[in-house]
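> below is the structure, and that's it, no one-letter string:
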């Protein structure tokens, strides 16, 4: 098997030719260029730049960058202009990883190519823009979401890659067994409110999409979502997007969508009093409602809802389940945390979910009614879940502490 053929095998970053052209030493015929070798030799961009030259360098470079990032399992590509050059970083397993530098001249053309494919104004650099690149235009497994923003050093572009959870349902999320069973029971109900909480990047959208796939697979129920933005189009579901610039926020959208006869309604986020009251009222009148709310714990969800809605009885009656989750890095299966080429020497590859849940019974409902929120506590807790993951050899104590 030739070196070039081996360099294109699955799981191997195919930049052998570019490295060789730049004089990077490779140990003998048949050497496989790993991600670690590539990073140590000047970054991912160094190898790509050696392969993509000429007038069509920008289109080819962008396509290859997206392909390599997707192959590595990155969730985002960050391109930050620094004068006329640009820094490129990948978000791998939730952690930012340097990938190299786009040189002067080419950086501007690559950014222009991104905006052209995303149908944005290529000349606009002083205002934020949002768009989407069709997967057929860039060669990725799914459409790519694009967001631009002006900074003091130049424009910043983030490309969000959607991969790995296209067909994932609740049983595939890796939730603790108690939480998985509680979510599955909720999805079989005809009414009630499921609230997910956790910081940005904790996997809430992935969990919601898994719930939606499970609901859609059963058929027979009219399912509507209102999202900001719609990250992935799901078959069998009516998906809508807020447009706050035109006055269509979550509350307005939810109010009108309830007239579309939904049996299941997903509200991307409860941000204000109006949205909270609509969600609670809908859950009490025969709808299954799924939403997110930013709070630090299951108890915090009830405290936050209480600040939005003075009717404690509505909160206690409507809320069927609260799920609080985090994502932490999983120890690399290849090296058990020791560091190897497959994990870029980090010791981690992939992520795990930590979760605690609360399905309110009479005791919790009474605490909500009396506004004695301090007595509300999930069992087992996020920390308990983390300790179990560490004991099972799936992650480290330091990583759990970072995630909590």
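Structure received. Everything quoted here is computed from the prediction, not taken from an experiment.
> give the bridge partners for residue 224, please.
Per DSSP bridges, the residues bridged to residue 224 are residue 238, residue 265.
> now do the strands in the stretch 251-400 of the chain.
264-267, 288-292, 319-331, 348-358 (DSSP state E, counting those that start in this stretch).
> and this protein, what are its domain boundaries?
71-161, 170-403 (automatic domain parsing).
> rounded mean pLDDT for the longest one, please.
Same thing as domain 170-403. If you average the pLDDT over domain 170-403, you get 94.
> likewise the shortest one?
On average, the pLDDT along domain 71-161 is 92.
> check the offset of that domain from the chain's centre.
17 Å (Cα atoms, centre = their mean, to the nearest Å).
> mind checking the SS state of residue 167?
coil (DSSP: H, G, I helix; E, B strand; the rest coil).
> now render the domains of the chain as a markdown table, adding mean neighbour count and distance to residue 57.
C-beta here means a position set from N, CA and C on the backbone, and glycine is covered the same way. What follows is the domains of the chain, written out as a markdown table (neighbours: other Cβ atoms under 10 Å; distance: least, Cβ to Cβ, whole Å):
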| stretch | mean neighbour count | distance to residue 57 |
| --- | --- | --- |
| domain 71-161 | 17 | 6 |
| domain 170-403 | 18 | 26 |
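> so which of those is nearest residue 63?
Proximity to residue 63, assessed across the domains of the chain by Cβ to Cβ, is greatest for domain 71-161 (5.3 Å).
> coming back round to it: export the strands of the stretch 251-400 of the chain as JSON lines, with columns for distance to residue 303.
As requested, the strands of the stretch 251-400 of the chain are exported to JSON lines (distance: least, Cβ to Cβ, whole Å):
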{"stretch": "strand 264-267", "distance to residue 303": "19"}
{"stretch": "strand 288-292", "distance to residue 303": "16"}
{"stretch": "strand 319-331", "distance to residue 303": "12"}
{"stretch": "strand 348-358", "distance to residue 303": "13"}
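> so which of those strands is nearest residue 274?
Nearest to residue 274, of the strands of the stretch 251-400 of the chain and by Cβ to Cβ, is strand 264-267 at 11.2 Å.
> for the closest one, packing partners?
Here strand 264-267 touches helix 204-218, strand 223-227, helix 250-257, helix 273-284, strand 288-292, going by 3 or more Cβ pairs under 8 Å, 6 or more residues apart in numbering; DSSP states H and E.
> who touches that strand?
208, 212, 215, 221-227, 250, 254, 257-258, 275, 278-279, 282, 287-291 (Cβ atoms under 8 Å, 6 or more residues apart in numbering).
> now swap in stretch 112-123 and tell me
Contacts of stretch 112-123 (Cβ under 8 Å, 6+ apart): 58-59, 62, 79, 129, 131-134, 137-138, 144, 146, 148, 157, 159.
> cool, and stretch 250-263?
Under Cβ under 8 Å, 6+ apart, the answer for stretch 250-263 is 190, 221-224, 226, 228, 238, 240, 242, 265, 267-272, 274-275, 278-279, 282, 287-288.
> setting aside sequence neighbours, what's the nearest residue to residue 201?
residue 94 (6.1 Å; Cβ to Cβ, 6 or more residues apart in numbering).
> so who does the one you found touch?
75, 201, 327, 329, 351.
> checking the nearest residue to residue 107 once chain neighbours are set aside next. Helix, strand or coil?
Leaving aside its sequence neighbours, residue 107 sits nearest to residue 86 (Cβ to Cβ, 6+ apart; 3.7 Å). Under three-state DSSP, residue 86 falls in the strand class.
> check contacts around residue 86.
79-80, 101-102, 107, 110-111, 154.
> if we use 7 Å, what do you get?
79-80, 101-102, 107 (Cβ atoms under 7 Å, 6 or more residues apart in numbering).
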